Structures are given as C-alpha cells and as structure tokens.
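J.: sharing a model prediction with you, sequence too.
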Amino acid sequence: MTDQDSSTTHTRGPWEVVPGDWSDDWGVTERGVAGQSIAQMVWENDARLIAAAPDLLQACKIALNDRMYKDWPDVADILMDAIKKAEGRTD
C-alpha cells in the first residue's frame, strides 16, 4: 500500500523490518531507500508493528470512509481514535 494521502506528514510507506547494527536489535526503514532509518528497537515484534503502521493507518481510513462499521458505532469510534492518535490530533 504505497498510495497514501498527500497530507501525510510521516515518512511514506511501505516500511520494512531490517536487522540492526547489533546482534539483538532491529530497525524499521522505508522500503527501497538505503539508510532511511525510521526507528530502532530491541524487540523484533515491536519493529514489525511499527513497520505495519502506514498500512494500518490507511486501512483504518478506508474502513471508516467506506462506512463499513456504520452499524457498529463502537468500532467506528475505535477507528477514529486510532487515526487521531496516528496523526497527533486531539479533536
């Protein structure tokens, strides 16, 4: 999923998990761009979750815009809260 909204303020995806500089750390980089480190951490599972963030944000926006959850307002609220958190919004 590389087509993201033009108002995106984060490093464009897709991101990928790569081994870090040490034997027990992992990094997240922009796929296909050497040296563009987005994050480094010790736990591989954390790196995988971070690497999935652009795709997850896009999926939340699509689901909310397609009104897939109009009959489940609690799910719509969770989607909206996740989008706001990812975008640093408090409204």
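T.: Ah, there it is. Being a predicted model, the structure only gives us computed values, none of them experimental.

J.: what about this protein, any weak spots by pLDDT?
T.: Along the chain, segments meeting pLDDT under 70 span 1-9, 12, 22-24, 32-36, 42.

J.: what's the neighbour count on Gly13?
T.: A count of nearby residues for Gly13, using other CB atoms under 10 Å, gives 22. Any C-beta I mention is one placed from the backbone N, CA and C, and that applies to glycine too.

J.: excluding its backbone neighbours, what's nearest His10?
T.: With CB to CB, 6 or more residues apart in numbering as the criterion, His10 has its nearest non-adjacent residue at 7.2 Å, and that residue is Pro54.

J.: quick check: Thr29 is in a helix.
T.: No: counting by DSSP: H, G, I helix; E, B strand; the rest coil, Thr29 falls outside a helix, being strand.

J.: that one contacts Gly13, correct?
T.: No: at 10.9 Å, Thr29 and Gly13 do not qualify as touching, with contact defined as CB atoms under 8 Å.

J.: which SS class is Ala63?
T.: Recorded secondary structure, Ala63: helix (three-state DSSP).

J.: now do the SS call for the most centrally placed residue in the chain.
T.: By CA atoms, centre = their mean, the chain has its centre lying nearest to Ala53, at 1.3 Å. Following three-state DSSP, Ala53 is assigned to helix.

J.: and what of Asp21?
T.: On the three-state scheme (three-state DSSP), Asp21 is labelled coil.

J.: number of nearby residues for it?
T.: 7.

J.: nearest spatial neighbour of Val18, skipping sequence neighbours?
T.: Gly27 (5.0 Å).

J.: and that neighbour, what are its bridge partners?
T.: Val18, Gln40 (DSSP bridges).

J.: show me where this protein has its helices.
T.: For the chain, helices defined by DSSP state H occupy the ranges 44-65, 73-87.

J.: mind listing what's buried along stretch 74-83?
T.: Buried residues in stretch 74-83, counted by 16 or more other CB atoms under 10 Å: Ala76, Leu79, Ala82, Ile83.

J.: what sits up against it?
T.: Contacts with stretch 74-83, where a contact means CB atoms under 8 Å, 6 or more residues apart in numbering, come from Leu56, Leu57, Cys60, Lys61, Ala63, Leu64, Tyr69, Lys70, Arg89.
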